[in-house]
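Chemist: 3D, please:
(chains A and B)
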Amino acid sequence: MSDLTISRRGLLAGSALLLASTALPTIGFAQTPKKGGRLVLAADSEPRNLNPAIVASNGVFFISSKIIETLAEASFDGKDGLQPRLALSWEGAADGLSVTFKLRDGVKWHDGKPFTSADVAFSALQIWKPLQNLGRTVFKDLAAVDTPDDLTAIFKFAKPTPFQLIRNALPALSSVVPKHLYEVGKIEENPANNAPVGTGPFKFAEYKAGQYYRLTRNDAYWAKDEPYLDEIVYQVLPDRTSAAAALEAEEIQLAAFSAVPLADLDRISKVPGLKVITKGYEGLIYQLVVEINHRRKELADLKVRQAIAHAIDKDFVVKTIFLGYAATATGPVPKNDPQFYTADVPTYPFDVAKANALLDEAGYKRADDGKRFALKLLPAPYFNETKQFGDYLRQALAAIGIDAEIVNNDAAAHIKAVYTDHAFDLAVGPPVFRGDPAISTTILVQSGIPDGVPFSNQGGYKNADLDALIAKASETLDTAARTELYKEFQKKVAADLPLINVAEWSFISVARDTVGNIANNPRWAVSNWADTYLAG
Amino acid sequence: MTRALRLLRRRVVGSVFVLLIVVVGSFLLLEAAPGDAVDAYIVSTGGDAGMIELLRHRWGLDQSELTRLANYLWALLHLDLGQSVTFSRPIRDIILERLPTTLILMGSATVLSFGLGSALGIYAGARPGSIRDRFLSIGSLALYAVPGFWLGLVLIVVFAVDLRWLPIGGIETIASGKTGLARAVDIGIHLVLPVSALGFIYLALYLRMMRAGMAEAWRQDFILAARARGLPRRRIVLAHVARNALLPLVTMLGLQSAQMLGGSVVIESVFAVPGLGRLAQEAVAGRDVPLLLGIILVSAVLVVVINLLVDVAYAVLDPRVGAGEASA
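Modeler: This is a model prediction of the structure:
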């Protein structure tokens, strides 16, 4: 198991960690999994709605992915990076107008009713397409779902839809909920949203607000001998320092999603019986991005944007802010993405002299006080690291004569200021890469998005070439051609800098040595944990 | 006793106005905060323009501020606290779930700080200027200067992580299935650290106040008289010096109850106690205006009631209080 436990020194040696990770095969364990036991882990938030078919977000998946399953899950070594869950196979028609799913036989809902293609059709048409935060975009052209028999679901699209996109969307967007519970009444107000019923290895048992969620073993789970655990308890620990303390005191056995702050990892990795695990999040990549308001005259000038890019020492950011638990970024697709990433894009090495020269060239000379112009910088408050990078960026900009004033807001105020009011010049944001640029990445630079849409281009950037490229990629059916277009997309974004990609990171788990089968898929923390076990 | 009743009636009428001001003021303040419940919600989900519009409509956020305030007050008149936006549940239920926890935490902490604080104050004030007086005064001041969350964390590290005598947090052992006495004991054990953290901080106030009051009283003529009458020292300290110094402490008790509600926000987070303070924090972060108003209202009622009790206690302790009103 030693190849899982990584010391911080080892990490610092190569921040190419994220890059290499998807290439690694699934790790074999010498130990045979043991049955039984209660896994207690830290949860830092309590989602108001636990239905992953409506809210496709990591906070919801963290709990509900054990209860409600998707058609397919991400995989390190499966074909196209997928492994079957409720669907056994999926095939796209050449014309892009249909996708056929063959479903798993003998699957039962937690209430004993059989799972059929009708449930898939209902979930897709009544929930993913009209209600789901991400599905509303990806499934917008879904017109019908044919169910010729109980185990076949054929998705029919009104417009050609790339099969590659649908495939890449499966792990996050295809949670199937039971039709028989949702067909009566309003879907958004269904009690099952807070006490989910699914087909997964664990059943929802109870929720005590502010205290814990408890899931129990589904004895009728379709996978033989699984799950191994009897119970999973999510203990709500709002304070991040207490998660580390709870691990040390052996009150919890696992803290996922970086519940233990980076700064504590060095110390906690030395505690006997605890291991720090950086794998298992390869499919949940967050990007550290400088969002730019192109309405500002200075920032509309490419030279100024290039200067800012040159002023940022990405290696320093990775080493100092992320303590090595991140990788530097080159463009809008993360380095560890196995399908789309290209390194062949314009880069901006750290070079203060060049940055200064570019600003001089652009006509923004230093005034007597050494300053060229002032601007407002809004770091997103959601992560410690985004706030710290805000502080770093302020210093980096000062070195090239740009006087940045930091405006701190809480989450709601930040969202409003940046995405509705556009009351920013530069903002630091953490958009998520979701396995396909069309899901939530192209929207970051595309024009014509209404005000108020979060994590989208609200900086007033407009580039007809780029818009045309995005539109073309969205209707290109051939996987190779589509991939090529997204490589072109990365080049164009890196060249014109509608925003500046600085780093890519994901989360860290800390667990007791007894917890087995951790991190064995790229979305482990939000997968079903059917094979997770407690030894000893 | 009619004196106390009359006082009570006057205060209750005044309190209604206080509460109204609190509600309207808080509403306006919250409205002034940038971002609404939908902004707070989409932080973790994202979503397109259509979804956002739908949410605003469903949560009633597309109505004007005035309409919402009027609706809220109208519902309040019918003793209805409304529906929480972030929890989509009746606010009354949510608050009732959390209130007992906060009351136990606050109550125990108040008893600890008042009880221990005044006892140590008497001990110190019995001999003002002595070594033990100096030691206690400085020690308590040091405790008072410590930030609550830090004291909480230190207690956790020492007693929960290193010694493992006490649980790290929570209000009871999760999913333990305990009932009756076993459960009460379990809750008690879980409360030791948070109550200590909250109580020790405010202990200094009572200690110093008691001590100062006693130091003052020692110089009064009636003490001299008591000593001249040859009363035992113990009796002088308790019945004469301490009793006279007690009154300002009772006033402080009323004022501190409000303070402690604020302090419990931090302590409840550090110790993962599911109380009202943490709920308030979540309501602010989620821009859940009706929920926060509900919490503020309940807290305000709590503070008003405690202060009423303090006033009544005052009237009982000091015959002069309220005597003027009787003749007016």
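
Chemist: look up phi and psi at residue 236.
Modeler: The chain I'm using is chain A. With angles defined as degrees, to the nearest 10, A:Val236 sits at phi -80, psi 110.

Chemist: that one reaches A:Tyr207, doesn't it?
Modeler: No. Counting by Cβ atoms under 8 Å, A:Val236 sits too far from A:Tyr207 to count as a contact (9.7 Å). C-beta: built from backbone N, CA, C; applies to glycine.

Chemist: anything in contact with each of those two?
Modeler: Contact criterion Cβ atoms under 8 Å, 6 or more residues apart in numbering or on different chains; residues shared by A:Val236 and A:Tyr207: A:Tyr213.

Chemist: more neighbours: those two, which one.
Modeler: Using other Cβ atoms under 10 Å in any protein chain shown as the criterion, A:Val236 and A:Tyr207 rank with A:Val236 on top: 22 against 18.

Chemist: for that one, give me the pLDDT.
Modeler: At A:Val236, the pLDDT value in this model is 91.

Chemist: so who does the closest residue in space to it that isn't next to it in sequence touch?
Modeler: Nearest residue to A:Val236, sequence neighbours excluded (Cβ to Cβ, 6 or more residues apart in numbering or on different chains): A:Ala43, at 5.3 Å. For A:Ala43, the contact set (Cβ under 8 Å, 6+ apart) comprises A:Phe62, A:Ile63, A:Tyr212, A:Tyr213, A:Tyr234, A:Gln235, A:Val236, A:Leu237.

Chemist: who wins for neighbours among the residues you listed?
Modeler: Counting by other Cβ under 10 Å, A:Leu237 has the largest number of neighbours within the contacts of A:Ala43, with 28 neighbours.

Chemist: please verify my assumption that it contacts B:Ile174.
Modeler: No. Here A:Leu237 does not reach B:Ile174: they are 11.1 Å apart, not a contact under Cβ under 8 Å.

Chemist: which parts of the stretch 101-250 of chain A sit against chain B?
Modeler: Where the stretch 101-250 of chain A comes near chain B, counting by Cβ under 8 Å from any Cβ of the partner chain, the residues are A:131, A:133-134, A:136-137, A:188-189, A:206, A:208-212, A:214, A:231, A:233, A:235-239, A:241-242, A:245-246, A:248-249.

Chemist: in whichever helix or strand A:Leu377 is part of, what's buried?
Modeler: Element membership of A:Leu377, judged by DSSP states H and E, is strand A:373-379. With burial defined by 16 or more other Cβ atoms under 10 Å in any protein chain shown, the residues of strand A:373-379 counted as buried are A:Phe373, A:Leu375, A:Lys376, A:Leu377, A:Leu378, A:Pro379.

Chemist: then stretch B:186-205?
Modeler: Using 16+ other Cβ under 10 Å as the burial criterion, the residues of stretch B:186-205 that qualify are B:186-187, B:190-191, B:193-205.

Chemist: in helices only, show me those residues.
Modeler: B:186-187, B:190-191, B:193-205 (DSSP state H).

Chemist: check contacts around whichever residue of the stretch 51-200 of chain A sits closest to chain B.
Modeler: Nearest residue of the stretch 51-200 of chain A to chain B: A:Asn133, at 4.3 Å (Cβ to the nearest Cβ). A:Asn133 makes contact with A:Ile54, A:Val55, A:Ala56, A:Ser57, B:Ile42, B:Thr45, B:Gly46, B:Gly47, B:Asp48, B:Met51, according to Cβ under 8 Å, 6+ apart.

Chemist: narrow those to those that are buried.
Modeler: Judged by 16+ other Cβ under 10 Å, buried ones among those: A:Ile54, A:Val55, A:Ala56, A:Ser57, B:Ile42, B:Thr45, B:Gly46, B:Gly47, B:Asp48, B:Met51.

Chemist: next, format the residues you listed as CSV and append pLDDT.
Modeler: Below are these laid out as CSV (pLDDT from 0 to 100):
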residue, pLDDT
A:Ile54, 93
A:Val55, 92
A:Ala56, 91
A:Ser57, 91
B:Ile42, 88
B:Thr45, 84
B:Gly46, 82
B:Gly47, 83
B:Asp48, 86
B:Met51, 87
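
Chemist: would you mind giving the buried residues of strand A:373-379 as CSV with distance to chain B and pLDDT added?
Modeler: Listed next are the buried residues of strand A:373-379 as CSV, based on distance: Cβ to the nearest Cβ, whole Å; pLDDT from 0 to 100:
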residue, distance to chain B, pLDDT
A:Phe373, 25, 96
A:Leu375, 19, 96
A:Lys376, 14, 96
A:Leu377, 17, 97
A:Leu378, 11, 97
A:Pro379, 14, 97
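
Chemist: of all pairs in the residues you listed, which one is the farthest apart?
Modeler: Spatially, the most separated pair among these is A:Phe373 and A:Pro379, at 19.4 Å (Cβ to Cβ).

Chemist: for the closest residue to A:Ile312 other than its chain neighbours, give its distance to A:Ala357.
Modeler: Distance criterion Cβ to Cβ, 6+ apart; nearest residue to A:Ile312, sequence neighbours excluded, is A:Ala396 at 5.5 Å. Here the criterion is Cβ to Cβ, to the nearest Å. By it, A:Ala396 lies 16 Å from A:Ala357.

Chemist: neighbour count: those two, which is higher?
Modeler: Taking other Cβ under 10 Å, A:Ala396 and A:Ala357 do not tie; A:Ala396 has more neighbours (22 against 15).

Chemist: now do the contacts for that one.
Modeler: By Cβ under 8 Å, 6+ apart, the residues touching A:Ala396 are A:Ala311, A:Ile312, A:Asp313.
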